[in-house]
Structure formats: structure tokens, C-alpha cells
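Participant: Pasting the sequence and the predicted coordinates here, then a few questions.
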Amino acid sequence: MRRFNPIWFKEYGSWLEYSIEKDAAYCLYCYLFRQDVGMQSGSDSFVTNGFNSWNKKGKLDIYVGGVNSAHNQALKNGENLMKQNQHIQSGLAFHGHDEFDNSSDKGNFLDLLQFLANHNVVINEVLQKTPKTNKLTYPDIQKDIVNAAAYKTTNAIIEDLDSGFFSILVDESCDISIKEQMAIVLRYVDKKGIVTKRFLGIVHVASALSLKAAIEFLFCKYELSLSRLGGQGYDGASNMQAVANKHTDIAEFLSFVSKIVTIVGVSCKKREFLQNAQLAKIQEALNLGELKSGQDLNQETILKHVGDRHWGSHIGQSST
């Protein structure tokens, strides 16, 4: 009745802390994540002054309160912090939270910043006196930082391309607001001779014409020459299919390729005949020194069915 009872650790061990020096009990989670909600059950006795009314053990239950009490909210924030996918190392970002000053869910970064300000006079003074528009936590400044990083990254990609030949891969999909958008990726061989794919940008599109205009805009923006464009690939883009069908030469070519794959693919004898003919042709070229052999060079090939690979060719390596 006159001192702290260690047995309480078993009942309140998840949050209860005891200071031998001050002979007082404290709430760990309320100390770290206390919200500015005014006076609550137990006042600030478990946060600043410490609790030492040892003959009034019932006040611990009163302090815990109901499910939505300030204590339980602080406890929940502490438990979330200990989760690996919500840890500061992986969750230090400005997304998925309400960042207003009176919010109880600002996110790990702002909560940590506020915690530092509460325990450091200099940091608190800077945060209080500095205009919002001059802080890195201000949304417009965050957007400027992101845009600057994107600009530098894109320039590095263009420099790595170094006016060489390249192809583009285009994928059309909807964003979270159900708006059509197009992602463009550059595919090229870098200075080390490695085939590289680099994301170039996202633009909103509404039709085949706007898609074409968007590609031309990106080419103009990054000073890419159409004369260096070696190929194009479109994944699941119905607009591109419609455009291709309206172009007579392209439509005839795709129809011709589809028929070849279908005719050859349905017959084992025809596939074997094609493979043997290709093998004899390659062997003759190798004997004459016109071709080189080695890994990924002039291997046995097979035909793939149309549509099996969005980005690939209709010719690939055999598994044999």
C-alpha cells in the first residue's frame, strides 16, 4: 500500500514503466505518442509527473479507459510502429495519412518530428517560427523535390542513351481515378553493352490520336529523334489495335504472320521440317564463317503463338 507493486507488471506490463529514481510509474506509449486531447482520466500523472498513489491501484484501470481512449490510441500507435511493414525504416513517407496539425494520424515521419520538437527546444522553436511554405513538410515543396528528382533521373537516362538507337514499350492502363494513362519505357543498349529498360514517363490519354500526340510530345521534350527509333511495343492497347487494322499494309502483315504461325504450329511434321531447314541454313553459314556460334547466338528457334508474349517476338529459342 506504500510502494510500487511489481506484480502490476504482469497485468499492465505492455505499457507500465517504473522509475526507481523518482519512485513513480509512467505510461510508455502515452509518453511517446500522447495526443493533445485535453484532460483525460488520470490527467498527466502517467506522462509528466508520474503516478505514486500506491494505495489507489484502481486508477490504473481508470487511466486505461475505453477502447477509444487517448491511452489506447497511443498504445495502438506504438504497436503499429513495431510492425515491420509500418516501421520507420520502411514507412518514412508522406502518403496515406492526414497531415493536418490537429490530425491523430499524421504518419510516422511527422509524428517523429513532433516527438523531437517536444523534447528539443531548438527544433521546436524552428518549427514554430518558420513559415509553412519554407518547410520541407509543406506539400508544394515536397512536389518540387519530387519533380526535381524526376528531372535529374530522366536527364541521366537520356545521357546514358547517348543518341543511340532505342525502342519504346508502351502500356496503357487506368489510374486510381479511372483515368486512362500511358506508361512509356525506353529499351536500349547502354555504354557497357547491356540491354537496358528505363521508365520515361506517364501521360494521360483518351484515344489513339492522343496517344500518338503524347508520344510525339515526349520525343520533343527529351529531344529524341524518330530516326533513332528501332521498334515499338504496345501491351494490351485496344486503340493501337484499331489503328493497326485501319492501316492496310500493317493489317495484311499481321494477318500473314498469324496464318504462318497457325499453319506451321498445328503440324508436328511442319514444325520439324522448318527446324531442320533452319538448322541446315545456320550450319552452312557457320561453315562459311558468315555467322558466329555461342550462348544466345544462332540457337535452334521455334515459333510462338500470336499473343503469347506481348513484348516478345514470334521467334524464340527451343527448349531442346
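Facilitator: Perfect, thanks for sending it. Residues are numbered from 1 along each chain as shown.

Participant: Give the burial count for residue 73, as a bare number.
Facilitator: Residue 73: 20 surrounding residues under other CB atoms under 10 Å. No exception for glycine: its C-beta is placed from N, CA and C like everyone else's.

Participant: Do you know the pLDDT at it?
Facilitator: Per-residue pLDDT puts residue 73 at 83.

Participant: Following element in sequence after whatever helix or strand residue 152 lives in, please.
Facilitator: Assessed by DSSP states H and E, residue 152 sits inside helix 139-161. Downstream of helix 139-161, the first helix or strand assigned by DSSP H and E is strand 166-174.

Participant: strand partners of that following strand, parallel vs antiparallel please.
Facilitator: Taking DSSP bridges as the criterion, strand 166-174 forms sheet pairs with strand 180-189 (antiparallel), strand 229-235 (parallel).

Participant: from those strands, which stretch is densest packed?
Facilitator: A comparison of the strands paired with strand 166-174 by mean neighbour count, using mean count of other CB atoms under 10 Å, puts strand 180-189 on top with a mean of 17.

Participant: Give me the below-cutoff pLDDT ranges for this structure.
Facilitator: 1, 35-44, 83-104, 173-178, 206-209, 234-246, 293-320 (pLDDT under 70).

Participant: what ranges do the helices span in it?
Facilitator: 8-12, 28-33, 58-64, 70-82, 88-91, 108-118, 121-129, 139-161, 208-221, 238-246, 248-265, 268-287 (DSSP state H).

Participant: Now tabulate those helices in TSV and tack on distance to residue 167.
Facilitator: Output for those, formatted as TSV (distance: least, CB to CB, whole Å):
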stretch	distance to residue 167
helix 8-12	64
helix 28-33	52
helix 58-64	63
helix 70-82	45
helix 88-91	35
helix 108-118	40
helix 121-129	50
helix 139-161	11
helix 208-221	12
helix 238-246	15
helix 248-265	17
helix 268-287	25
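
Participant: Please identify the deepest-packed of these.
Facilitator: Per residue and on average, the most neighbours among those fall to helix 28-33, with a mean of 19 (mean count of other CB under 10 Å).

Participant: and that helix, what does it pack onto?
Facilitator: Under the contact criterion of 3 or more CB pairs under 8 Å, 6 or more residues apart in numbering; DSSP states H and E, the helices and strands touching helix 28-33 comprise strand 16-19, helix 70-82.

Participant: Rebuild these as TSV, extending it with distance to residue 159.
Facilitator: Shown next, in TSV, are the helices and strands packed on helix 28-33 (distance: least, CB to CB, whole Å):
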stretch	distance to residue 159
strand 16-19	55
helix 70-82	41
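
Participant: Those: which one's closest to residue 204?
Facilitator: Closest approach to residue 204 among the helices and strands packed on helix 28-33 (CB to CB): helix 70-82, 35.1 Å.

Participant: Keeping just the C-alphas, turn that closest one into CSV.
Facilitator: What follows is helix 70-82 as a C-alpha-only set of coordinates in CSV (Å, rounded to 0.1, in the frame of the first residue of the first chain):
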residue,chain,number,x,y,z
ALA,A,70,-6.3,8.5,-25.6
HIS,A,71,-4.2,5.8,-23.8
ASN,A,72,-5.5,3.0,-26.2
GLN,A,73,-4.9,5.2,-29.2
ALA,A,74,-1.3,5.8,-28.1
LEU,A,75,-0.9,2.1,-27.4
LYS,A,76,-2.2,1.3,-31.0
ASN,A,77,0.4,3.8,-32.5
GLY,A,78,3.1,2.0,-30.6
GLU,A,79,2.1,-1.4,-31.8
ASN,A,80,1.9,-0.1,-35.4
LEU,A,81,5.4,1.2,-35.1
MET,A,82,6.7,-2.2,-34.1
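
Participant: okay, the angle between that helix and helix 108-118?
Facilitator: Using axes from the mean of the first three to the mean of the last three CA atoms, to 10 degrees, one finds that helix 70-82 and helix 108-118 are set 120 degrees apart in direction.

Participant: Against which helices or strands is helix 70-82 packed?
Facilitator: Packing partners of helix 70-82 (3+ CB pairs under 8 Å, 6+ apart): helix 28-33, helix 58-64.

Participant: send the alpha carbons of the first one over as PDB?
Facilitator: Extracted C-alpha coordinates of helix 28-33, given in PDB (Å, rounded to 0.1, in the frame of the first residue of the first chain):
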ATOM      1  CA  LEU A  28       5.500   4.300 -22.100                       C
ATOM      2  CA  TYR A  29       3.200   4.700 -25.100                       C
ATOM      3  CA  CYS A  30       1.400   7.900 -23.800                       C
ATOM      4  CA  TYR A  31       4.900   9.400 -23.200                       C
ATOM      5  CA  LEU A  32       5.900   8.700 -26.800                       C
ATOM      6  CA  PHE A  33       2.600   9.100 -28.600                       C
END
